[in-house]
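Colleague: fold the following and give me the result.
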Amino acid sequence: MDYKIVFFDIDGTITHDKDGSISIKTKEAIKALKNKGLRVVAATGRPLSMCKEINELGIDTFITANGAYVKHDQTIIHKVPMDNKNIQEVLEFASIANQDLSFFTEEFSMNGVKDPETLKALKETLSLNEYPTIDHLIYNQEVYLMCLYANDKTVEKYIQKFPHLTFKRWHPFVLNVLQEEVSKSLAILKVLQYFDIDKSEAIAFGDGENDIDMLELVGLGIAMGNGNENLKEVADFVTKKSSEDGIDFALKKFGII
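Modeller: Below you'll find the model as predicted:
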């Protein structure tokens, strides 16, 4: 198959699954893809402001906020801004209930509640070791994604309070708060349309629950060895861990580079 585009999750896929570094072999593999004329896209739960080190690898197309905001160079391909009233109502409810919320613009901020479980989740999903800044006027901005940090029992209260919103779990302690569907696969379709590439000509690498739909969509879906077990079940191939240069291994195995 003559593949034309490769989508990479970032945390636990491009980055080392333990220390968050990017190996020399991974950097060289991405460079080799670009040298062969393939388009390379980052598809991540991160906000755009946290993708600078990935941009330095030569990647200039980003699916961010789990698919809610997509940008190629300076062109916005796709965005799903939330209604400001919904943001304010959820924010007020979370403040009373003492629950963590995060907000994705091109930047990343939170509401200032500090649960140790949330910090653990921030480390696992965004490689953050500390809480981000607090934006007290977040509902005045264009927010593309809001995340709730909570267990299932707590989420039930939100479902009852906000029946018009969808709470979609993608990590044991993190949920997307959605007023309309957001996913990496929907964002990928927008990118493929923008570049006039068929989904059969695409490859995707991922490690998490929020990568399942992405791997199912493309022509070749590759799960990292350190990946989620549900993801591995839908993958066409399970490569080595990101800490073992799994991207380089898979691309060479399939003769892509």
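
Colleague: how much space separates Val174 from Glu28?
Modeller: For Val174, the distance to Glu28 equals 32 Å [C-beta to C-beta, to the nearest Å]. Bear in mind the C-beta positions are built from the backbone N, C-alpha and C, glycine included.

Colleague: oh, I was asking about Asn35
Modeller: For Asn35 relative to Glu28 (C-beta to C-beta), the value is 10 Å.

Colleague: Ala150 too?
Modeller: Ala150 is 40 Å from Glu28, where distance means C-beta to C-beta.

Colleague: more neighbours, the two?
Modeller: Taking other C-beta atoms under 10 Å, Ala150 and Glu28 do not tie; Ala150 has more neighbours (24 against 14).

Colleague: run through the residues that contact Pro81.
Modeller: By C-beta atoms under 8 Å, 6 or more residues apart in numbering, the residues touching Pro81 are Glu142, Val143, Tyr144.

Colleague: for Thr44, state which of the residues you listed is nearest.
Modeller: For the contacts of Pro81, the closest approach to Thr44 (C-beta to C-beta) belongs to Tyr144, at 12.8 Å.

Colleague: next, count neighbours for that closest one.
Modeller: 24.

Colleague: again with Ser185
Modeller: 22.

Colleague: now it: closest residue in space, sequence neighbours ignored.
Modeller: Nearest residue to Ser185, sequence neighbours excluded (C-beta to C-beta, 6 or more residues apart in numbering): Asp213, at 3.9 Å.

Colleague: also Leu148?
Modeller: Leu175 (4.8 Å).

Colleague: please name the bridge partners of the one you found.
Modeller: Leu148, Arg169 (DSSP bridges).

Colleague: distance of it from Ala150?
Modeller: As judged by C-beta to C-beta, Leu175 and Ala150 stand 7 Å apart.

Colleague: buried sites along stretch 242-257?
Modeller: For stretch 242-257, the neighbour count (16 or more other C-beta atoms under 10 Å) marks 242-251, 254, 256-257 as buried.

Colleague: turn these into a markdown table, including secondary structure and pLDDT.
Modeller: Shown next, in a markdown table, are the buried residues of stretch 242-257 (DSSP: H, G, I helix; E, B strand; the rest coil; pLDDT from 0 to 100):
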| residue | secondary structure | pLDDT |
| --- | --- | --- |
| Ser242 | helix | 98 |
| Ser243 | helix | 98 |
| Glu244 | helix | 98 |
| Asp245 | coil | 98 |
| Gly246 | helix | 98 |
| Ile247 | helix | 98 |
| Asp248 | helix | 98 |
| Phe249 | helix | 98 |
| Ala250 | helix | 98 |
| Leu251 | helix | 98 |
| Phe254 | coil | 98 |
| Ile256 | coil | 98 |
| Ile257 | coil | 97 |
